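Peer 1: okay, sequence plus prediction incoming.
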Amino acid sequence: MKETIMGMIEDYVGNFAKSSRIGWKKPLIGYASADDPLFARLKEIVRPTHEAPQDFLAEARTVITYFLPFQDEIEESNIEGRYSSKLWGISYVETNRLINEMNKELKSKLTGMGYQTAYVPATHNFDKETLMSDWSHRSAAYIAGLGTFGLNRMLITEYGCCGRIGSLVTDLEVEPTPRYSRELCLYRADGSCGRCVERCVNDALHFDEFDRHRCHEMLLENGEKLSDLESLVDVCGKCMVGVPCSTVIPRPEA
């Protein structure tokens with residue numbers, strides 16, 4: 001079944017890219033048991049109202065997550081300057097559209113195979129005061145073995161952190177993906193990095209804290225600069241680009 005789901009996602013992304021303004025690298029896909037105790041712990045470590053898979057689907061068995069890595073030129077376009085590049089903004093709009101439309105298609109196909117499925121929109125599903133979501137795609141992807149969290153609060157996968165994450169909940173039972181046994185963030189692994197802190201353009205990211213409101217201020221500032229795009233483009237991404245974890249993460253030697 002994993003091969004079937006992988007084929008669905010890869011085919012959809014490939015076909016979508018033919019009419020898109022950008023492209024993506026090969027998607028990464030991970031699976032977590034809906035009963036994984038880490039989902040319950042999110043109420044403690046993220047926020048008390050964080051939802052469990054069963055809040056979306058009572059008979060949930062599996063959480064499917066996927067990471068859509070940006071092409072290298074998208075990351076490179078956003079390195080210079082205080083404000084996000086237009087290409088970075090376009091990648092945000094196009095990838096959110098891809099995630100939302102692909103989730104509808106995946107739900108339809110899984111329903112046709114006899115499985116119930118539910119999903120959460122790619123973005124803008126957060127509390128406007130706390131700036132925190134009741135469902136974290138990044139946390140779900142961590143639980144599903146797609147990567148580990150960096151100092152920049154992004155999920156670092158084997159393709160780095162430049163990309164976007166989608167997730168679905170289903171009553172289809174799929175064997176969980178093993179989680180990483182090593183840290184992919186160099187700072188968390190051995191203290192040898194920290195470039196993302198230097199890259200933050202609005203003094204929001206520090207080694208010992210993260211000011212999400214200062215971060216959000218920068219997202220809205222970029223949204224104004226990119227207001228010619230067709231939707232709110234509240235992006236930044238400066239802490240994700242021009243750093244060792246931006247794109248491909250070297251595999252450890254055997």
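Peer 2: Noted; the coordinates are in hand.
Peer 1: from here on, just use CA atoms for contacts and neighbour counts.
Peer 2: Fine.
Peer 1: what about stretch 202-222, start to end distance?
Peer 2: Counting by C-alpha to C-alpha, to the nearest Å, you get 12 Å between the two ends of stretch 202-222.
Peer 1: buried stuff in it?
Peer 2: Buried residues in stretch 202-222, counted by 16 or more other C-alpha atoms under 10 Å: 204-205, 210, 215-216, 218-222.
Peer 1: quick one: contacts of that stretch?
Peer 2: Stretch 202-222 has contacts (C-alpha atoms under 8 Å, 6 or more residues apart in numbering) with 83-84, 131, 151-152, 194, 196-197, 233-236.
Peer 1: how many residues are close by S85?
Peer 2: When neighbours are counted by other C-alpha atoms under 10 Å, S85 registers 24.
Peer 1: repeat that for Y31.
Peer 2: 28.
Peer 1: then K104?
Peer 2: Neighbours around K104, by other C-alpha under 10 Å: 15.
Peer 1: how close does it get to P121?
Peer 2: Noted for K104: a distance of 10 Å to P121, by C-alpha to C-alpha.
Peer 1: per-residue confidence at G7?
Peer 2: With respect to pLDDT, G7 scores 97.
Peer 1: and it, backbone torsions?
Peer 2: When read as degrees, to the nearest 10, the backbone of G7 gives phi -60, psi -40.
Peer 1: same thing with E198?
Peer 2: Backbone geometry at E198, expressed as degrees, to the nearest 10, gives phi -60, psi -30.
Peer 1: so who does the closest residue to it other than its chain neighbours touch?
Peer 2: Computed as C-alpha to C-alpha, 6 or more residues apart in numbering, the closest residue to E198 that is not its neighbour in sequence is C239, at 7.9 Å. By C-alpha under 8 Å, 6+ apart, C239 lies in contact with 152, 195-200.
Peer 1: again with G237
Peer 2: G237 is in contact with 78, 84, counting by C-alpha under 8 Å, 6+ apart.
Peer 1: that one falls within a helix, correct?
Peer 2: No. Using DSSP: H, G, I helix; E, B strand; the rest coil, the assignment for G237 is coil, not a helix.
Peer 1: against E198, how distant is it?
Peer 2: Taking C-alpha to C-alpha as the measure, G237 falls 13 Å from E198.
Peer 1: now R21
Peer 2: Distance from R21 to E198, by C-alpha to C-alpha: 31 Å.
Peer 1: quick one: which of the two has more around it?
Peer 2: Neighbour count, other C-alpha under 10 Å: between R21 and E198, E198 has more, with 14 against 11.
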